[in-house]
Structures are given as C-alpha cells and as structure tokens.
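Asks: Compute the structure for the input listed below.
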Amino acid sequence: MTTPKPYDWTQFRTRIPIKASRRDIYNAWTTKEGIEKWFLRSADFVTADGEPRSGQVQKGDKYTWRWFGYANDSQETGEIREANGKDYFSFTFAGSCNVSVYIQDEADETVVQLVQSNIPTDEKSMSGIHVNCFGGWTFYLANLKSYLEGGIDLRNKNEHIKNVISS
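Replies: Numbers count the residues shown, from 1 in each chain. Okay, the predicted model is just below:
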C-alpha cells in the first residue's frame, strides 16, 4: 500500500468547459468591458507608465479590481504577469499569489483551467487564501460559463445581501 501524498496547500487547480470561442473567453479575462460582465463591479487597468489601458491588457499592466457586495475601499491590486493575446493570461493575486488562466481545446470543447499558486502555508493563508479563493474561483468560473453560454449573470448585486456565494 502506498502512502498518500500530503495535500499541497501552496496551489490549487480548477477547470470548466465553456461553449464559447477561445477569443471570447480570452477577451472576457483581458478587457475592462469583458471582465466587468462576469467577475468584477469595476476594473481599472493602467500601463506600466501609469496611463489608462484601453483594449486588451498587456504584460506589466497594473490593475485595481472591486467586486459587487463590497465597499469601494475593499479592492484588489496587482500586476499582469503574462498576456499572450490568445489562450494564456496570468496575474498576481491575494498578495504574493499568482493566478494563471489557460484556455485549451479538449475533447471537442473549450476548457478554462485556472491555477492559483505561490500560496503561503501559514494557518491564516491556508484558510483565508487557499480555501476562500478556491471557492470564489469555482463560483466565478461557473458565472463565466453562464454569462458566455446564456447571457445570465449570477452575481449578487444587492449590497444589502451579505454572506452569499455569489458576491
């Protein structure tokens, strides 16, 4: 009998098939207009020179993101690490973490795979980042699928309703 490998708290992976083109999925991640339709209340991207980014984000751009259900001072800031223009997008997230998004063809479908890595392994990070981010990404990937396949946005936009999976 083999001994099971210990759980790796430094990363997680989640995947979802989406009936949409690679281009539509990529644009949903890499443009202000796209990412605000399924993920964020507001997304601001600026170039490395501090100029507002129009169109697709580029490597080195900085971002400020805000979600429905949270006050304006609750925001995430980070940097775009990679953006290849077609099927790979990577950014910093939750402090020192890295999130990589892969858009792949598999068994005649388009699959989005998200990997969050470089998660610290202290108790606070294991629950606050690993567990919470995994749950959050699971919902938001399902919402991306819902939005791209049927135009339905599942996010809770009522700021008076708290502690739900959809915000």
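Asks: Next, name the residue at the spatial heart of the chain.
Replies: With distances taken as Cα atoms, centre = their mean, the residue of the chain nearest its centroid is residue 137 (6.3 Å).
Asks: Kindly indicate whether that one is helix, strand or coil.
Replies: Under the three-state scheme (DSSP: H, G, I helix; E, B strand; the rest coil), residue 137 adopts helix.
Asks: need the contact list for it.
Replies: For residue 137, the contacting residues are 14, 114, 116, by Cβ atoms under 8 Å, 6 or more residues apart in numbering. Yep, even glycine has a C-beta here, placed from its N, CA and C like the rest.
Asks: Same check on residue 65?
Replies: Applying Cβ under 8 Å, 6+ apart to residue 65 gives the contacts 40, 42, 43, 44, 75, 76, 77.
Asks: Quick one: residues contacting the nearest residue to the second one once chain neighbours are set aside.
Replies: Counting by Cβ to Cβ, 6 or more residues apart in numbering, residue 42 lies nearest to residue 66, which is 4.7 Å off, once chain neighbours are set aside. Contacts of residue 66 were listed using Cβ under 8 Å, 6+ apart, and they are 40, 41, 42, 43, 72, 74, 75, 76.
Asks: Now for residue 84, how many residues are close by?
Replies: 11 (other Cβ atoms under 10 Å).
Asks: And residue 100, by the same measure?
Replies: By other Cβ under 10 Å, the residues close to residue 100 number 17.
Asks: would it count as being in a helix?
Replies: No - under three-state DSSP, residue 100 sits outside any helix and is assigned strand.
Asks: circling back to that earlier point, so of the contacts of residue 66, which ones are in strands?
Replies: Per DSSP state E, strands hold the following members of these: 42, 43, 76.
Asks: Could you identify which of these has the most neighbours?
Replies: Within the ones in strands among the contacts of residue 66, residue 43 tops the neighbour count with 19 neighbours, counted by other Cβ under 10 Å.
Asks: In terms of pLDDT, where does it sit?
Replies: Looking at residue 43, its pLDDT is 98.
Asks: same deal with residue 159?
Replies: Per-residue confidence (pLDDT) for residue 159: 84.
Asks: so where's this structure uncertain?
Replies: 1 (pLDDT under 70).
Asks: Repeat the analysis, applying 90 as the threshold.
Replies: Residues of the chain that meet the criterion pLDDT under 90 lie in 1-5, 69-73, 158-167.
Asks: picking that back up, list just the nearest of the contacts of residue 65 to residue 4.
Replies: For these, the closest approach to residue 4 (Cβ to Cβ) belongs to residue 76, at 34.1 Å.
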